[in-house]
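In: I need the structure of the sequence given here:
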Amino acid sequence: MKYVVATAGHVDHGKSTLVRALTGIEPDRWEEERRRGLTIDLGFAWTTLPSGADVAFVDVPGHERFIPNMLAGLGPAPVVLFVVAADEGWRAQSDDHRDAVAALGIESGLLVVTRADRASADRIREVIDEARHRLGDTGLAHVPAVAVSAIDHSGIDELRTTLDDVLAQSPSPPTSGRVRFWIDRVFTRTGAGTVVTGTLASGTISVGDTLDLHTLHGERRVDVRGLQSEGATLTTAGPVSRVAVNLRGAGVDDVARGDALVTPVAWHASDLIDIRRASGTPFAEVPEHLIAHIGTAAVPVRVRPLDPDHCRLTLSHALPLSTGDRVVLRDPGQRIVGGGVVLHPDPPPLTRRGDAVRRAAILAAMTDGAGAAEEVMRRGAVRVADLARLGLVDDVDPAPRGVRAIDGWWVAEASLAAWAGRLHTAVVELHERDPLSAGMSAAGAPALLGLPDSALLDAVVAEAGLTSSDGHLSVPGHTPSLGDAEDALRALERRLSDHPFRAPEADDLSALGLGARELAAAERADRVLRLGDGVVLLPTAPALAMRILASLDQPFTTSAARQALGTTRRVVIPLLEHLDSRRWTRRIDAGHREVVR
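Out: Residues are numbered from 1 along each chain as shown. Sure, this is the predicted structure:
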């Protein structure tokens, strides 16, 4: 198993020295850091624990001036070594780092008391007791505590064993699903090009993968050219691990800390989010303008309090966000104001009077990370894929109560019922207004109802209790009424009964008052048969023609058929083509046909 562990604690309390003692690797990367003995930026090292667990360490700076760098290291890390020096005890930046841990919701780790060689056993117990008290409102309140000395290496073996136990109890991260890889370092390597590093917290990245690079300036498609982890070349990297990704499609100047590699089309890029306070100052008391830290990103935000525990953040630029993401809020003077959990990464606008109060009530009723039902109720229908992009559902989640799953959509039953009611009313009114109509055009129904996708129409039609036939929607049992044209149709039927193949001319039909709409209604009622070129016969005409044509010498000519049927060329040609289409007759050449037996 692979794990990533970050350090935390006051400046000069021995975090880097501890990492060096555990791994044998110098985490400080800059010459200035080594010269001054002060960690400025993130450092990285790794080791193997007694169980065989592979652990990478992210060493963060402790000085208050470098809190943004500290948050970039802690943000993606699931486990923390919280360091307090035995000789100095809890100090100012210990508070800052504790506030960061609380804001991020980190619940796994160890309390490590360093420089144990400089303090008595009683003093070490005092430091542990005070640290536990200070960590009391965080997820690290009850983590194991180990006292160590990097000078004489006392406690180091115990720390390795205890860390092994802690990591063994941490939940296994998902290896499948969408990837979001927050970038914390960018550099170029001769012969390789652009390389980015970060902590892969979930999902899998493989050489040859295509990902979206999400930056301050938008998205671009990139390919994974190569992978490394802890100095080893890989073909596939899984969680949780430190990974270096060699990119094709982006220059070193195109990428920065805080950018992210994401699975294409799997994430919603948002610059507006609703969050719930997880720690720190009530939102009504915080400054309007703060810095939000999410993953390794740090973006200016505007805070709009909705109530003391909920607010809306407007980000200076969009980030790939999901329900359940953790947000750390910091003022420009480096103080950590508090933290929150993203409840919705694509919330509705607040434009009317009272919207903010109503939104606060909705958010207060939500459980963390559960807003799918509210989203469907608000929109009426949402694609399941879009809910997954927002982090509101997993692909395998069942539809919640009051929501129906239809063809890749989740549809609110109230919306389905409303659409069905409107459709049924519209169809009934059409029948009353236009008795000749076959019904409402199915093609126009989605636009009439405002359906988000025509694929939902079948479900609405079924819910409305309507029938669908030949592209028209009607009330079951509806038969088009000819109304005033009924007498004219009966006259036409009598005429064609006497002379089945003497189709009336257009002027004759017009004189009877039988236009295209009346004839179409009659055809739907199976009272006439309309052929090409305006030829109108009775529905029985084809069968009657077949009895006569079967008595002719085979094959027969068009002229012979015309004479046998007692009709004109205007009628016989479309009639014979109709018989051909039904495969009752077969055309042999330009002038001959035969009856199919």
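In: In terms of secondary structure, what does whatever helix or strand residue 100 lives in contact?
Out: Taking DSSP states H and E as the definition, residue 100 sits inside helix 92-104. Contacts defined by 3 or more C-beta pairs under 8 Å, 6 or more residues apart in numbering; DSSP states H and E place helix 92-104 against strand 2-9, helix 67-74, strand 79-85, helix 121-134, strand 268-280, strand 326-330, strand 336-344. All C-beta atoms are positioned from the backbone trio N, CA, C, and that covers glycine.
In: hey, C-alpha coordinates of the longest one in PDB?
Out: Spelled out, it's helix 121-134. Written as PDB, here are the backbone C-alpha positions of helix 121-134 (Å, rounded to 0.1, in the frame of the first residue of the first chain):
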ATOM      1  CA  ALA A 121       9.700  13.000  31.100                       C
ATOM      2  CA  ASP A 122       7.400  15.300  33.100                       C
ATOM      3  CA  ARG A 123       7.900  18.100  30.700                       C
ATOM      4  CA  ILE A 124       7.100  15.800  27.800                       C
ATOM      5  CA  ARG A 125       3.900  14.700  29.400                       C
ATOM      6  CA  GLU A 126       3.000  18.400  30.000                       C
ATOM      7  CA  VAL A 127       3.600  19.200  26.300                       C
ATOM      8  CA  ILE A 128       1.500  16.200  25.200                       C
ATOM      9  CA  ASP A 129      -1.400  17.200  27.500                       C
ATOM     10  CA  GLU A 130      -1.400  20.800  26.300                       C
ATOM     11  CA  ALA A 131      -1.200  19.700  22.700                       C
ATOM     12  CA  ARG A 132      -4.200  17.400  23.100                       C
ATOM     13  CA  HIS A 133      -6.100  20.200  24.800                       C
ATOM     14  CA  ARG A 134      -5.300  22.500  21.900                       C
END
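In: what distance separates the longest helix out of those in the chain from the centre of its chain?
Out: In the chain, taking DSSP state H as the definition, the longest helix is helix 413-433. Distance, stretch centre to chain centre, for helix 413-433: 31 Å (C-alpha atoms, centre = their mean, to the nearest Å).
In: Outside of it itself, list whatever touches it.
Out: 377, 380-381, 402-404, 437, 439-440, 445, 448-449, 451, 456, 459-461, 463-466, 473-475, 478 (C-beta atoms under 8 Å, 6 or more residues apart in numbering).
In: what residue ranges in this structure are flagged as low confidence?
Out: 27-40, 62, 368-370, 395-396, 436, 479-483 (pLDDT under 70).
In: Identify the bridge partners of residue 403.
Out: residue 412 (DSSP bridges).
In: how close does it get to residue 335?
Out: 43 Å (C-beta to C-beta, to the nearest Å).
In: So the two - more neighbours on which side?
Out: residue 403 (23 against 16; other C-beta atoms under 10 Å).
In: Give the burial count for residue 313, as a bare number.
Out: 24.
In: wait, what's in contact with residue 320?
Out: Per C-beta under 8 Å, 6+ apart, neighbours of residue 320: 180, 214, 260, 262, 267, 268, 269, 270.
In: mind running it again at 6 Å?
Out: Neighbour list for residue 320: 180, 214, 260, 262, 267, 269 [criterion: C-beta atoms under 6 Å, 6 or more residues apart in numbering].
In: The helix or strand hosting it vs strand 268-280, what angle?
Out: Element membership for residue 320 (DSSP H and E) is strand 310-321. Comparing the axes of strand 310-321 and strand 268-280 via axes from the mean of the first three to the mean of the last three C-alpha atoms, to 10 degrees yields an angle of 130 degrees.
In: Can you list the strands that strand 310-321 pairs with?
Out: Partners of strand 310-321 in its sheet, by DSSP bridges: strand 268-280 (antiparallel), strand 297-307 (antiparallel).
In: Identify the residue spatially nearest to residue 363, adjacent ones excluded.
Out: residue 310 (4.5 Å; C-beta to C-beta, 6 or more residues apart in numbering).
In: before we move on, back to that, which among the contacts of residue 320 end up buried?
Out: 180, 214, 260, 262, 267, 269 (16 or more other C-beta atoms under 10 Å).
In: How about the third one, nearest residue that isn't a chain neighbour?
Out: If the residues on either side of it in the chain are set aside, residue 260 comes closest to residue 214, at 4.8 Å by C-beta to C-beta, 6+ apart.
In: wait, is the one you found part of a strand?
Out: Yes. Assessed with DSSP: H, G, I helix; E, B strand; the rest coil, residue 214 lies in a strand.
In: what sits against it?
Out: 260, 262, 320.
In: what's the closest of these to residue 559?
Out: residue 262 (74.4 Å; C-beta to C-beta).
In: wait, the closest one sits on residue 210?
Out: No. In this structure, residue 262 is not within contact of residue 210 by C-beta atoms under 6 Å, at 11.1 Å.
In: got any residues that touch both of the two?
Out: By C-beta under 6 Å, 6+ apart, no residue touches both residue 262 and residue 210.
In: and the residue nearest the centre of the chain, what is it in contact with?
Out: Nearest to the mean C-alpha position of the chain, by C-alpha atoms, centre = their mean, lies residue 389 at 1.6 Å. By C-beta under 6 Å, 6+ apart, the contact set of residue 389 is 267, 268.
In: one step back: deepest of the strands paired with strand 310-321, which one?
Out: strand 268-280 (a mean of 21; mean count of other C-beta atoms under 10 Å).
In: Name every sheet partner of the helix or strand following that strand and say whether each one runs parallel or antiparallel.
Out: Using DSSP H and E, the helix or strand that follows strand 268-280 in sequence is strand 289-294. Sheet pairing of strand 289-294 (DSSP bridges) gives strand 297-307 (antiparallel), strand 326-330 (antiparallel).
In: Turn these into a markdown table, including distance to residue 514.
Out: As requested, the strands paired with strand 289-294 are exported to a markdown table (distance: least, C-beta to C-beta, whole Å):
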| stretch | distance to residue 514 |
| --- | --- |
| strand 297-307 | 67 |
| strand 326-330 | 72 |
